[in-house]
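Engineer: Provided below are the primary sequence and the corresponding predicted coordinates.
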Amino acid sequence: MWGLLTVPVPATDAAVPAATGGGAAFDPGLRWRLHPQVAVRPEPFGALLYHFGTRKLSFLKNRTIVAVVESLDQHTDARSACRAAGIDDAQQAPYLHALGVLVQSKMLVPGETR
């Protein structure tokens, strides 16, 4: 599966690693959640995410990735959220990549440990 997510990234932000202040590094073994300032608007193609703090807009290109993103805070880690959405472990790579991009764009933040 290719192209689950489209995030327009300015050239200056394109490759800022977490170690240099680009935000948290994505670890699929950790709990994640939507940033409190992010709104999800369902669309026929998937959903739009809008971050009111950074004014960034992201497009989720199918309903499966939308289900994963919306359920992240209900699971112990990102892989569990993918499994709950019906994504086999062998098929998770593009979804985990999309979640990593959302972390870099500050749409997702680390969740609280329970």
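Structural biologist: Noted; the coordinates are in hand. Numbers count the residues shown, from 1 in each chain.
Engineer: which one is residue 28 nearest to, not counting chain neighbours?
Structural biologist: Once flanking residues are discounted, residue 28 sits nearest to residue 78: 4.2 Å by C-beta to C-beta, 6 or more residues apart in numbering. Using the backbone N, CA and C atoms, a C-beta is placed for each residue, glycine as well.
Engineer: Relative to residue 41, how far out is that neighbour?
Structural biologist: 22 Å (C-beta to C-beta, to the nearest Å).
Engineer: quick one, what contacts the residue nearest to residue 28?
Structural biologist: 26, 28-30, 32, 68, 72, 96, 99 (C-beta atoms under 8 Å, 6 or more residues apart in numbering).
Engineer: Tell me the pLDDT of it.
Structural biologist: Note for residue 78: predicted pLDDT of 97.
Engineer: didn't residue 112 look like it was pressed against residue 31?
Structural biologist: Yes: here residue 112 reaches residue 31: they are 7.1 Å apart, a contact under C-beta atoms under 8 Å.
Engineer: neighbour-wise, which of those two wins?
Structural biologist: Per other C-beta atoms under 10 Å, whichever of residue 112 and residue 31 has more neighbours is residue 31, with 19 against 7.
Engineer: wait, what's in contact with the nearest residue to the more buried one once chain neighbours are set aside?
Structural biologist: In space, residue 31 comes closest to residue 111 once its chain neighbours are excluded; the distance is 3.5 Å by C-beta to C-beta, 6+ apart. By C-beta under 8 Å, 6+ apart, the residues touching residue 111 are 30-33, 72-73.
Engineer: any idea how far residue 111 lies from residue 61?
Structural biologist: For residue 111, the distance to residue 61 equals 24 Å [C-beta to C-beta].
Engineer: Let me know the pLDDT of the most centrally placed residue in the chain.
Structural biologist: Centroid-nearest residue in the chain: residue 99, 3.2 Å away (criterion: C-alpha atoms, centre = their mean). What the model reports as pLDDT for residue 99 is 97.
Engineer: what do you get for residue 24?
Structural biologist: Reported pLDDT for residue 24: 74.
Engineer: didn't it look like it was pressed against residue 105?
Structural biologist: No: using C-beta under 8 Å, residue 24 makes no contact with residue 105, being 11.5 Å away.
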